[in-house]
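> Sequence first, predicted model second:
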Amino acid sequence: MVSRSPLRFPLMALGMVGLLAAMWGGLLRLGWNWPIIRPTLAAAHGPLMISGFLGTLISLERAVALGQSWTYGAPLLTGLGTLALIAGVPGLVGPLLMVLGSLGLVAIFFQIVRSQPAIFTVVIGLGALAWLVGNSLWLAGYPIFGVVPWWAGFLVLTIAGERLELSRFVPVSQANQVTFLAAIGLLSAGLLLTRVAFDGGARLSGLGLLALTVWLLRHDIARRAVRKAGLTRFVAVSLLSGYVWLGIGGLLWLRLGGVVAGPYYDAVLHAIFLGFVLSMIVGHAPIIFPAVLGMPMPFRPAFYAHLAVLHLSLALRVVGDLAMWWPGRLWGGLLNVSAVLLFLVNTALSVKQGRGLSRREAL
């Protein structure tokens, strides 16, 4: 059953507002001397991107899929938390709303796992739990660098579980399921270890990301789908290129350990959050957005433009980070934002095209 709640439009809009605000704050953090809309915006870059944008989007997707009114509480809470962070509301209002929203997603997955017990639902549920832990640490006053591994775990576990779910189309042997769980175990153990030995936990998490990258590149259905055409190939190219960035992020984490600030920190985080996570979003947007919004979104070859700009700009940024080359960092970050804006424009144009086709078919 697919919910057609009118809440899906304003909640999606709140997520997009969070994305735009996060990108502006990110450019300020990089050093672009642009107007400061809110003094607190740069510091809220990470929470806005992870919980405000991605957390709201993922929670909304689950709410629409379940079609139960109570499930919309999770994206509503994170959406309100997004507004609180953008407005610079003092105190713990923003973090508390994010904690409550992530608690709502955990409740959603508790119901999902009860009704559909499987490895992939448990893994995705663990991702929601990692988000709750990360947000709770943030609320408790832990520094962002100590929270980031849990936020990364949230997104990586969510995506990995979803990819395992699709393995039903290309059955995975029991031995390969064991190796998948071993990679998940390494990542999870690394997250737990960061609480007592941050450097060691970060390196172990990096090893888990590398193991998961190898598994995805070997067993994901995208390996076969990339030989097809149209939307199927675009999705596969997005996924496979994202897996490469996941491996780069894992390798950097394994090599650099518990970096807490500076260019190396920037390289690790953005290899994972931009290279991997955003590639997944770009690839799945033509599938997820129609399901959430109830609007068709035809594939357009122009989609490859924003994917290419994303990867090229991220490569420039990461090289700039690792080489301490400040122009590369600055311009790479600006082009990262340009890639996201181009993605939003291409998405809007596709939705417009789909609505036009629907009207003609109705006639």
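Yep, it's here. Numbers count the residues shown, from 1 in each chain.
> Break down the stretch 51-200 of the chain into its helices, ranges please.
In the stretch 51-200 of the chain, the helices defined using DSSP state H, counting those that start in this stretch lie at 56-66, 73-87, 93-115, 119-139, 144-165, 174-193, 198-219.
> Which one, of those helices, ends up nearest to residue 36?
The closest of these to residue 36 is helix 73-87. By Cβ to Cβ, the value is 12.9 Å. (Glycine included, C-beta is placed from N, CA and C.)
> and that closest one, C-alpha only, in PDB?
Provided in PDB are the C-alpha atoms of helix 73-87 (Å, rounded to 0.1, in the frame of the first residue of the first chain):
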ATOM      1  CA  GLY A  73       6.000  11.700  12.600                       C
ATOM      2  CA  ALA A  74       9.600  10.800  12.000                       C
ATOM      3  CA  PRO A  75      10.200  13.000   9.000                       C
ATOM      4  CA  LEU A  76       8.000  15.700  10.500                       C
ATOM      5  CA  LEU A  77      10.200  15.900  13.600                       C
ATOM      6  CA  THR A  78      13.400  16.000  11.600                       C
ATOM      7  CA  GLY A  79      11.900  18.600   9.300                       C
ATOM      8  CA  LEU A  80      11.000  20.800  12.300                       C
ATOM      9  CA  GLY A  81      14.500  20.200  13.600                       C
ATOM     10  CA  THR A  82      15.900  21.400  10.200                       C
ATOM     11  CA  LEU A  83      14.000  24.600  10.600                       C
ATOM     12  CA  ALA A  84      15.200  25.100  14.100                       C
ATOM     13  CA  LEU A  85      18.900  24.600  13.000                       C
ATOM     14  CA  ILE A  86      18.500  27.000  10.100                       C
ATOM     15  CA  ALA A  87      16.800  29.600  12.300                       C
END
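> to the chain's geometric centre, what's the distance from it?
Mean-position distance between helix 73-87 and its chain equals 17 Å (Cα atoms, centre = their mean, to the nearest Å).
> got the angle for it vs helix 119-139?
Comparing the axes of helix 73-87 and helix 119-139 via axes from the mean of the first three to the mean of the last three Cα atoms, to 10 degrees yields an angle of 30 degrees.
> now what about helix 73-87, what contacts it?
The contact list for helix 73-87, computed with Cβ atoms under 8 Å, 6 or more residues apart in numbering, reads 7, 10-11, 14-15, 17-18, 21, 38, 40-41, 44, 47-48, 51-53, 55-57, 59-60, 62-63, 93-98, 100-105, 107-108.
> Also stretch 237-249?
So stretch 237-249 is contacted by 156, 163, 206, 209-210, 212-214, 216-217, 220, 222-223, 226, 268-269, 271-272, 274-280, 282-284, 304, 307, 311, 314, 318 (Cβ under 8 Å, 6+ apart).
> of the residues you listed, buried ones?
Buried by 16 or more other Cβ atoms under 10 Å: 156, 163, 206, 209-210, 212-213, 216-217, 220, 222, 268-269, 271-272, 274-280, 282-284, 307, 311, 314, 318, out of the contacts of stretch 237-249.
> Any stretches of the stretch 101-250 of the chain with poor pLDDT?
Residues of the stretch 101-250 of the chain that meet the criterion pLDDT under 70 lie in 167-170.
> repeat for the stretch 251-363 of the chain
Across the stretch 251-363 of the chain (using pLDDT under 70), the flagged ranges come out as 356-363.
> Let me see the ranges of the helices in it.
262-270, 279-293, 303-322, 326-362.
> possible to save those helices as JSON lines with distance to residue 242?
Below are the helices of the stretch 251-363 of the chain laid out as JSON lines (distance: least, Cβ to Cβ, whole Å):
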{"stretch": "helix 262-270", "distance to residue 242": "13"}
{"stretch": "helix 279-293", "distance to residue 242": "3"}
{"stretch": "helix 303-322", "distance to residue 242": "9"}
{"stretch": "helix 326-362", "distance to residue 242": "13"}
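> nearest to residue 28, of those?
In terms of Cβ to Cβ, the element of the helices of the stretch 251-363 of the chain nearest to residue 28 is helix 326-362, at 10.3 Å.
> quick one: residue 193 from residue 298, how far?
46 Å (Cβ to Cβ, to the nearest Å).
> Comparing the two, which residue is more hemmed in?
Taking other Cβ atoms under 10 Å, residue 193 and residue 298 do not tie; residue 193 has more neighbours (18 against 15).
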